[in-house]
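Participant: got a predicted model here, sequence first, then my questions.
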Amino acid sequence: MTNWHVRSYDTTDHTATVRLLEEVRSDAEGPSFDLTDTVLALREDTPAVVAVTPDQFVGVAVAKYERGHAQVLALAIAPAWRYRGIGSALLQALENQLLHAGHRRITTLLAPGQFGELAFRNRGFSKTGLTLYEKYEPLRPADVTTVERWGGTLLTAAEWHGLAGMADGKRLVEQRLLLPIKENELAETYGVVTPTAMLLFGPPGTGKTSFARAVAARLEWPFVELLPSRLVAAGGGNLAAELRTAITELMQVERVVVFIDEVDEIAQSRDAVGPESQSVVNELLKAIPQFRSAPGRLLICATNSIAALDPAFIRPGRFDLVLPVGPPDAPGRRLLLDRFLERIDNKQVDIEPVVAATELFTPADLAATVQRAVAAAFHRAVDRGERLPVTTDDLLAAARSSRPTISSEELERFRADAKIFTRS
């Protein structure tokens, strides 16, 4: 857990800021910037953020804007606090200020190998010349308020790269969704239609939300999750009206992924629900064509029970992709276990017996199993007074004491649904 946080610059920070800027300029690894320009900019109420601990001033980022674009003037972090993610956090906060000020194009000047280069790369800046780094924000300044109003966020590429155990789904997204966008003109000559609506189905805990977030991260579009409970509260109990308002406003955003989880709760068969629920289903049915008619928007719905959905909601022509998301197979479990264990240095683990012992385990089940195993190893180390490794036996014991989220009966129902409903 970090003991630092990022906040907006205040005039009372001036002395500490100048002191830090002077300190890092004298450091051989420090950044290169014009101290005079930076200090003058701070006096003009320019966008700036700082990183602080309860008793230290550890970082600052300063920008200015003119003639339609913004420039990061300085990114400075105290030497003892580098390589902890502070630079990326400062840039993220600074970008937010610049977006709210109406600036989408952000540049900076870096010397080759200069400190801070990694932070700019992590935030999506790309090298456009010998020393010029630039980022074109995926979100228009005018869209920031709308996305924030509905609880949306911009995700990093790490969400996509960190998605383990879903190789087939990721490959399908690359081919069906990303490639037509990247090769738009060629796709149009072949009449390829880019998917605008996707339905994910599968048992609880299999990673449907993580998959939806990863898709948004890969597209570099803002991700907005519409929670039925929040819509009901915001709409004074009128879910259909609030859903209509949300969709109408979000359709004005230039690019966006809208995600509705557990859609079976609000889109059940109209024969089995009352008039209020029927109106919600009708609003969802109206929303899908809106996404189809507006490039740059993607609707993703997820359900634990696809068979319970209104038949009109899932008939051909509604969703371009209907994808099953089940428990990971053996290669997927191996990849997930490796990912969960990679942070543990002191271990003696043969992963194959653990993979075999965790059939039906969801990603959440596997994460919990690893936590039980490392807790057992930790307590053993405390009892014996020595650093003992996490072992294969620890993991196998944790797996035996765990009950998979998905039962054999649920898995059979899921496989039967997959044969009936999958469209890719």
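Facilitator: Nice, I can see it. Numbers count the residues shown, from 1 in each chain.
Participant: mind listing the strands for the protein?
Facilitator: For the chain, applying DSSP state E gives strands covering 5-8, 48-52, 57-66, 69-77, 105-109, 126-127, 132-136, 197-201, 223-225, 256-260, 297-303, 321-324, 347-348, 390-391.
Participant: L172: which of those is closest?
Facilitator: L172 lies closest to strand 321-324 among the strands of the chain, at 7.1 Å (Cβ to Cβ). To be clear about C-beta, it is placed using only N, CA and C from the backbone, and glycine gets the same treatment.
Participant: ok, V224 touching L250?
Facilitator: Yes: using Cβ atoms under 8 Å, V224 is in contact with L250, at 6.1 Å.
Participant: mutual contacts of the two, please.
Facilitator: 147, 150, 256, 258 (Cβ atoms under 8 Å, 6 or more residues apart in numbering).
Participant: dump those residues to TSV, plus neighbour count.
Facilitator: Shown next, in TSV, are the shared contacts of V224 and L250 (neighbours: other Cβ atoms under 10 Å):
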residue	neighbour count
V147	21
W150	22
V256	27
V258	27
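Participant: pretty sure F259 contacts L227?
Facilitator: No: if you go by Cβ under 8 Å, F259 and L227 don't touch, sitting 9.5 Å apart.
Participant: higher neighbour count, these two?
Facilitator: Under the criterion of other Cβ atoms under 10 Å, the comparison of F259 against L227 puts F259 first, with 25 against 15.
Participant: the more buried one bridge partners, please.
Facilitator: Beta-bridge pairing of F259 under DSSP bridges involves E225, I300.
Participant: could I get the full set of helices for the stretch 1-150 of the chain?
Facilitator: 14-25, 35-43, 86-100, 117-122, 141-149 (DSSP state H, counting those that start in this stretch).
Participant: those helices: which one's closest to P324?
Facilitator: helix 141-149 (29.6 Å).
Participant: I would like the residues contacting the closest one, please.
Facilitator: By Cβ under 8 Å, 6+ apart, helix 141-149 touches 99-104, 139, 153, 222, 224, 249-250, 252-254, 256.
Participant: columns mean pLDDT and distance to A397 on top of the strands of the chain, output as CSV?
Facilitator: As requested, the strands of the chain are arranged in CSV below (pLDDT from 0 to 100; distance: least, Cβ to Cβ, whole Å):
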stretch, mean pLDDT, distance to A397
strand 5-8, 95, 39
strand 48-52, 96, 42
strand 57-66, 93, 43
strand 69-77, 91, 43
strand 105-109, 89, 51
strand 126-127, 84, 48
strand 132-136, 72, 48
strand 197-201, 93, 33
strand 223-225, 95, 37
strand 256-260, 93, 37
strand 297-303, 92, 33
strand 321-324, 92, 32
strand 347-348, 92, 14
strand 390-391, 93, 9
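Participant: now render these as JSON lines, adding distance to R176.
Facilitator: Output for those, formatted as JSON lines (distance: least, Cβ to Cβ, whole Å):
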{"stretch": "strand 5-8", "distance to R176": "38"}
{"stretch": "strand 48-52", "distance to R176": "39"}
{"stretch": "strand 57-66", "distance to R176": "39"}
{"stretch": "strand 69-77", "distance to R176": "35"}
{"stretch": "strand 105-109", "distance to R176": "31"}
{"stretch": "strand 126-127", "distance to R176": "26"}
{"stretch": "strand 132-136", "distance to R176": "25"}
{"stretch": "strand 197-201", "distance to R176": "9"}
{"stretch": "strand 223-225", "distance to R176": "19"}
{"stretch": "strand 256-260", "distance to R176": "15"}
{"stretch": "strand 297-303", "distance to R176": "12"}
{"stretch": "strand 321-324", "distance to R176": "7"}
{"stretch": "strand 347-348", "distance to R176": "39"}
{"stretch": "strand 390-391", "distance to R176": "40"}
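Participant: of all these, which one is nearest F414?
Facilitator: Proximity to F414, assessed across the strands of the chain by Cβ to Cβ, is greatest for strand 321-324 (6.9 Å).
Participant: just list what the closest one packs against, helices and strands only.
Facilitator: Packing partners of strand 321-324 (3 or more Cβ pairs under 8 Å, 6 or more residues apart in numbering; DSSP states H and E): helix 167-172, strand 197-201, helix 408-421.
Participant: which of these sits most buried?
Facilitator: Mean neighbour count (mean count of other Cβ atoms under 10 Å) peaks for strand 197-201 among the helices and strands packed on strand 321-324, with a mean of 25.
Participant: just checking: what are the partner strands of that one?
Facilitator: Strand 197-201 has these strand partners (DSSP bridges): strand 297-303 (parallel), strand 321-324 (parallel).
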